[in-house]
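Undergrad: Got a predicted structure plus its sequence, pasted below:
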Amino acid sequence: QLLRKKAAEELKREQERKAEERRKIISQRTGSKKPTDGANEAALQQICKEYYERIAKLENLKYDLEYEVRQKDFVVNELSIEVNDLRGKFVKPTLKKVSKYDQKLERMAKVAAKAESDFRNNLKRVQSQKFTMQ
């Protein structure tokens, strides 16, 4: 039980240390709050401009980092494909045996069926009106 208590205390201290480190990093990245109490309009406009410039700079940095991550993901994907090709660890498709005579017989049956169905269409049509009834 004593060891468990010590381990729990160590774990709690570690979590507090990480949380404090996180808060410190966040405060460094966000910077300090600008005083807006009792500032005139020109001072407020200057503060807004500073915030805008900081946001624009951070957005540019974010875009560049996202682009780098996409490029590196692409490179990693290409390299993993190359490694799999070199190792030969790709799935080989199973081939089924096919008779070469079956395909020829199927084609001949299709041609014969088409000829039988087109027999009436292939007959000569008579254009004369000689035997028609009025």
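TA: Great, that's in hand. None of these values were measured; they are calculated from a predicted model.
Undergrad: host element of L61?
TA: Applying DSSP states H and E as the criterion places L61 in helix 41-87.
Undergrad: And whatever helix or strand comes next after that helix, how far out from the chain middle?
TA: Following helix 41-87 in sequence order, the next helix or strand is helix 100-117 (DSSP H and E). The chain centroid and the centroid of helix 100-117 are separated by 46 Å under Cα atoms, centre = their mean, to the nearest Å.
Undergrad: what pLDDT, on average, does helix 100-117 get?
TA: The average pLDDT within helix 100-117 is 76.
Undergrad: about what we covered before: give me the packing partners of the helix holding L61, helices and strands only.
TA: Applying 3 or more Cβ pairs under 8 Å, 6 or more residues apart in numbering; DSSP states H and E, one finds that helix 41-87 makes contact with no other helix or strand. Heads up, the C-betas are built off the backbone N, CA and C, glycines and all.
Undergrad: so where's this protein shaky on pLDDT?
TA: Along the chain, the model assigns pLDDT under 70 to residues 89-93, 115-134.
Undergrad: For K57, see how far away the most centrally placed residue in the chain is.
TA: By Cα atoms, centre = their mean, the mean C-alpha position of the chain lies nearest to R70, the distance being 10.7 Å. Taking Cβ to Cβ, to the nearest Å as the criterion, R70 is separated from K57 by 21 Å.
Undergrad: can you check R23 too?
TA: Taking Cβ to Cβ as the measure, R23 falls 23 Å from K57.
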